[in-house]
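Chemist: When you get a sec, could you give me coordinates for this:
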Amino acid sequence: MMVNRNTCRLIAAAAISAAAHAALLGGGWLTIPETPPPPPLLTATLQPRAETPRPATPAAARVPAARSVATQGAAPALPTTIEAATPAAAPAVIDTPAEPVVVASAAAISQPATEAAPPLPSFPRKGQITYQLTMGSEHTLVGRTVQTWEFDGLQYRLSSRSESTGLVEMFRPHRYIYQSQGRLTVAGLQPERFSASVRRGSRSDESIAVFDWNEQRARIGRLPQQSSVGLPAGSQDVVSFMYQFALFPPQAGRITLPFTRGTRIDVVSFDVLPAETIDTPLGRLRAIPVIQVRERGAESLAVWLATDYRNLPVRIRFFNRDGEFSGEQLASEIRVAEQ
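Modeler: Here you go, the predicted structure:
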């Protein structure tokens, strides 16, 4: 059967597009674990925090839709849902009492948690952040990431799941699932178990880190090979460290942190820079950059913590082993619940 020249060109263009998307995903990128069912939530727009605490009222108030975030003044109360601006009319907002914001330096975790629930800075007990996932210098949209957290008494659970979409999903699907769970202590998060499941096309691998804080040892490595290593005080994993920083924002300057992606524990350095304004699908946000200091031959990342929204990670960037920018996650929706 004869195929005309235009048809051949269309087939060739589709093949080239698919190959380009697949090539963008050739390197590693951070993503998220299995997402539990989201808590019952209402949609709200960004708005400033009240100057004085007020008791919650059962009636919901309507406010005009907001397309950007104020970068001056006191931190606003975190609404139940923050979404990228749309032409739709502004949804309802739950009028909740303002909470005091407690800021402290990042602290090492060296002692087991007590049996009483520890006093923690003001922070939603449950939440979910959805990110747009882009790759390469052209910021090509290739998928999405969903991170969830839950604080329950003495325990915490974190999850991060990234997955490809579109042509990439058709020709070379990617899944990155990370889960962290452990204890809440007066110094923040103390991981007890971290798992990473990575699939690139037909290839997949899993790694697990189990932390024994009493013995100061960790069982770690890709399955089925595992090894026992020393467990430095204050160790975090690639998901928990973001929320440790959210609870206890680090002071400006250079800090070090024992850190694992599931295969080994490294002591890495981060440069904490002055807050800056960044563009996101949620609007312009004031955020603190926390940049991992690159080591030769090692991947690194950078996180931006939104100062007006409980220091949640709203931008995450990834750099390959050569130090080149490889991908980015930008928050497009935030959901929180206090119960």
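Chemist: Span of stretch 142-161 from start to end?
Modeler: Stretch 142-161 has an end-to-end distance of 14 Å (Cα to Cα, to the nearest Å).
Chemist: Equivalent analysis for stretch 248-255, please.
Modeler: From its first residue to its last, stretch 248-255 covers 13 Å (Cα to Cα).
Chemist: Now it: average pLDDT?
Modeler: Average pLDDT, stretch 248-255: 94.
Chemist: in that stretch, what's buried?
Modeler: Under the neighbour-count criterion of 16 or more other Cβ atoms under 10 Å, stretch 248-255 has 248-250, 255 buried. All C-beta spots, glycine's among them, are computed from the backbone N, C-alpha and C.
Chemist: so of those residues, which ones are in strands?
Modeler: If you go by DSSP state E, the buried residues of stretch 248-255 have Ile255 in strands.
Chemist: could you dump the buried residues of stretch 248-255 to a markdown table with distance to Ala187?
Modeler: Below are the buried residues of stretch 248-255 laid out as a markdown table (distance: Cβ to Cβ, whole Å):
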| residue | distance to Ala187 |
| --- | --- |
| Phe248 | 8 |
| Pro249 | 14 |
| Pro250 | 13 |
| Ile255 | 14 |
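Chemist: so who does Phe245 touch?
Modeler: Contact partners of Phe245, counting by Cβ atoms under 8 Å, 6 or more residues apart in numbering, are 106, 290, 303, 305, 311, 313.
Chemist: That one: what secondary structure?
Modeler: Judged by DSSP: H, G, I helix; E, B strand; the rest coil, the three-state class of Phe245 is helix.
Chemist: What distance do you get for it to Ile334?
Modeler: 16 Å (Cβ to Cβ, to the nearest Å).
Chemist: show me where pLDDT drops low in the stretch 51-200 of the chain?
Modeler: Counting by pLDDT under 70, the stretch 51-200 of the chain contains low-confidence ranges at 51-80, 82, 84-115, 167-171.
Chemist: which stretches of the chain form helices?
Modeler: 5-24, 166-171, 240-247 (DSSP state H).
Chemist: ok so, going back, when you check the contacts of Phe245 against the strands, which ones overlap?
Modeler: Among the contacts of Phe245, the members falling in strands (DSSP E) are 290, 303, 305, 313.
Chemist: Let me have those residues in TSV, extended by pLDDT and neighbour count.
Modeler: Shown next, in TSV, are these (pLDDT from 0 to 100; neighbours: other Cβ atoms under 10 Å):
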residue	pLDDT	neighbour count
Val290	98	24
Val303	98	22
Leu305	98	24
Pro313	97	22
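Chemist: Any idea how many residues pack against Ala209?
Modeler: Using other Cβ atoms under 10 Å, Ala209 has 26 neighbouring residues.
Chemist: List the contacts of it.
Modeler: Applying Cβ under 8 Å, 6+ apart to Ala209 gives the contacts 191, 193-195, 218-220, 237, 260, 262, 265.
Chemist: make it 10 Å
Modeler: Residues near Ala209 by Cβ atoms under 10 Å, 6 or more residues apart in numbering: 180, 191-196, 218-221, 226, 229, 231, 235, 237, 260-265.
Chemist: looking at the sheet around it, what are its partners?
Modeler: Ala209 has these beta-bridge partners by DSSP bridges: Phe194, Ile220.
Chemist: Let me know the pLDDT of it.
Modeler: At Ala209, pLDDT is 96.
Chemist: now the one 10 residues further on
Modeler: Note on Arg219: pLDDT of 96.
Chemist: Just the buried residues of stretch 264-276, please?
Modeler: 265, 268, 270, 272, 275.
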